[in-house]
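Q: starting from these lines, generate the structure:
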Amino acid sequence: MDERLLSIFRSEATERLDQMVQTLLAVEEGRGDAEAIRELFRHAHSLKGTAGMVGLGDIGTVAGAVEDVLSQARTSGELDPALAAPLLAVTDAIRGAMAGQPMDAPALVAQLRAAQLRGGEEPAAAPDPEPEPEPAPAQADGGGNGGAPVAAPPATSRRDPPPAVPAQGVRTLRVAADRVDELLDVAGQALMNLRQWEHAVGETADEYTRDALEEGETLMLGLQHAVLDLRTLPLASIVGRFPRAVRDIAAVEGKEVQLDLVGVDAQLDRAILDNLPDLIVHLLRNAVSHGIETPDEREAAGKPRVGRIELRAEARGSEVTLTIADDGRGVAPELLARADSPLELAELLATPGLSTADAVGDLAGRGVGLDAVRRDVEALGGALLVSSQPGQGTECMLRLPATLAVLGLLLVERGDQIFGLGLANLEEVAEADQIVVLGDRVVVDLRGDAVPLVDLADVLGMRDVRPATGPVVIVSALNRRVAVRVDALRGEREGVVKPLGPLLARVPGYVGATFLDDGSIALIADGRHIVRRSTRIAPPVLPTEPAAPVPVEASPKVLVVDDQFTVRELQRSILSGAGYTVLTARDGREALELLEQEPDVRLVLSDVEMPVMDGFALLLTLRDDPRWATLPVVIVSSRGSEEDRRRGAEAGADAYVDKAEFDQRALLETVQRLVVAP
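A: Numbers count the residues shown, from 1 in each chain. I've put the predicted structure just below:
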């Protein structure tokens, strides 16, 4: 069967199963009316038909048995709530089959019919399937039940009714995620090329040309934002598994819980949504298991027997805050006394080993889980916060960027390089006259608060750079603040984030890169890295007077040869920051032509696999020419086998750098050693 058709079926089937789960949970609580039964029947009927068309006969057989059960209920207008549990178990089995797990269709059909005769005893459950990706722009969570089905489901978990069916006339189109990302890349490249033209013509352009370029940029920005919208999905697309998860956990714990979903139309980047279901289910499990009291305990405390959990989403500018709030017992007062802010409380509760402390009491087990949640949230560029009131409840808040593809940036200059700092991590800009020396500490006096000062060059490991003399930016991350000094501010902008690729993937300190108007690349510094590094470096040197500029002739020329623009620009940025004058070429032939024009080049860094003339051919040509026979050449390639290294050495390479093991400091040390060698 065509894999594309199977993918479409899985996506549509996932949406139907999510709708069925929502409706069955309502039926289980006695809230299923005739229309809900008709809707369940339509979903089962459609699953049976489409499964048969794509060759998934077992799924079709089981869906047909569900249809038979619902057909009788549709006729009578009532569905026995006791049948909700066995029908939910069948939806689990279908999910598992779509995920590649074995399905015993005849046994499931027999158990379902027997349960119907017995009045709803649940059939044997299929293994809990792993969540699938979210391929569709609607209810598309491929997750399972969030926990093992239970034989005696409670009739106490209350949910909002199933999401409404889209209005008639609204059409949707399913597009593979990688095609959207490809379109975003093309739109970003086109916008960059247009800005390069604007930069090139500058003030020499006539009015007609300037108007045309401005109109073109407006159109390209509109296209870019339209493509970015395609990357976002509503939180509602992943909530399908959450009511079932709360139901199962509450049943095991012997508790009565109501889950409310608020603001689930908030839009988030697909890449973020793919990572959220497990995090949210973990927090929901904590809320049920460690937050909500038993019905008797709640009644004794003057609370309703039914505990309440609210999953709430709020969009705030470029951020979305997800809150999981419960009205349970709250965090122990002795723990609250040790934290002065929601960030500090989150860090305290996430401390490994805390769950075994006597002070935790009923929170046992929460610490280890929160540690994993905090780590994963921070990996998404977000933050975990916790607030609580003893006896009244706890709120766990996930502050997340709305998208990972675009960031609001402050561009700063340091050491003749431009860097981006995420606006989400910036508090304000301070002036140089606020810098003071307190003993052996250099700080910024921020309205009486002493904020440690660091030099951006020191944090990022830049060498041979004059001390910064410009303004100071206050960076906030990980519940700490640090003042970062730069040479100059270059304005704010919204930048499309490009991955660093294998060349710099292992280099700490950066979250990506973005293109500037002139086509060059600015690395985006990681605010968390800046804060962490600030505690391990010496205070910056405060120059008493501006240092004399370095003569141009004192900057050795280095030639970077690579057919990938991003790689060329990243290497150029690293070397420029270290004080070198950098030339670039796209292949070996272009490098030779450039060497004819720039005979004072002191070193060449070359890729191997390039069109026209590859790196080995370039190296052999240089060694055969008396003018370049002793010119140092460093091979920088993703081909790092012993055979490739041997070939490079035989051709006359002075050093060989494997991109997979790339280290910025080691590269600079190699370049410096070869440039100064006699």
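
Q: any idea how far residue 312 is from the residue nearest to residue 333 when sequence neighbours are not counted?
A: Nearest residue to residue 333 in three dimensions, chain neighbours excluded: residue 390, at 5.1 Å (C-beta to C-beta, 6 or more residues apart in numbering). All C-beta atoms are positioned from the backbone trio N, CA, C, and that covers glycine. Using C-beta to C-beta, to the nearest Å, we find residue 390 at a distance of 22 Å from residue 312.

Q: more crowded one of these two?
A: Neighbours per residue (other C-beta atoms under 10 Å) separate residue 390 from residue 312, with residue 312 holding more: 18 against 14.

Q: ok, what's across the strand from the more buried one?
A: For residue 312, the beta-bridge partners under DSSP bridges are residue 262, residue 323.

Q: shouldn't it be in contact with residue 320?
A: No: between residue 312 and residue 320 there is no contact, the gap being 10.8 Å when judged by C-beta atoms under 8 Å.

Q: next, count neighbours for residue 18.
A: Residue 18 has 29 nearby residues by other C-beta under 10 Å.

Q: sec struct for the nearest residue to residue 556 once chain neighbours are set aside, please.
A: Once flanking residues are discounted, residue 556 sits nearest to residue 602: 4.3 Å by C-beta to C-beta, 6+ apart. Put simply, residue 602 is strand when judged by DSSP: H, G, I helix; E, B strand; the rest coil.

Q: what sits against residue 602?
A: The neighbours of residue 602, taking C-beta atoms under 8 Å, 6 or more residues apart in numbering as the test, are 556-558, 631-632, 675.

Q: which of these fall in helices?
A: Using DSSP state H, residue 675 are the members of these that sit in helices.

Q: of the contacts of residue 602, keep whichever come out buried.
A: The neighbour count (16 or more other C-beta atoms under 10 Å) marks 556-558, 631-632 as buried among those.

Q: going by distance to residue 584, which of the residues you listed wins?
A: Of all the buried ones among the contacts of residue 602, residue 584 sits closest to residue 558, with 9.7 Å by C-beta to C-beta.

Q: run through the bridge partners of that closest one.
A: With DSSP bridges as the criterion, residue 558 is bridged to residue 582, residue 603.

Q: pretty sure it contacts residue 575?
A: Yes: between residue 558 and residue 575 there is a contact under C-beta under 8 Å: 5.5 Å.

Q: and for the two, which residues touch both?
A: Common neighbours of residue 558 and residue 575 (C-beta under 8 Å, 6+ apart) are 582, 671.

Q: following the helix-or-strand element of the chain with minimal mean pLDDT, which helix or strand shows up next?
A: Least confident element among the helices and strands of the chain, by mean pLDDT, DSSP states H and E: helix 501-504 (a mean of 65). Beyond helix 501-504 on the C-terminal side, the first helix or strand identified by DSSP states H and E is strand 510-515.

Q: tell me the mean pLDDT for whichever helix or strand comes after that following strand?
A: Downstream of strand 510-515, the next assigned helix or strand under DSSP H and E is strand 521-525. Mean pLDDT, strand 521-525: 89.
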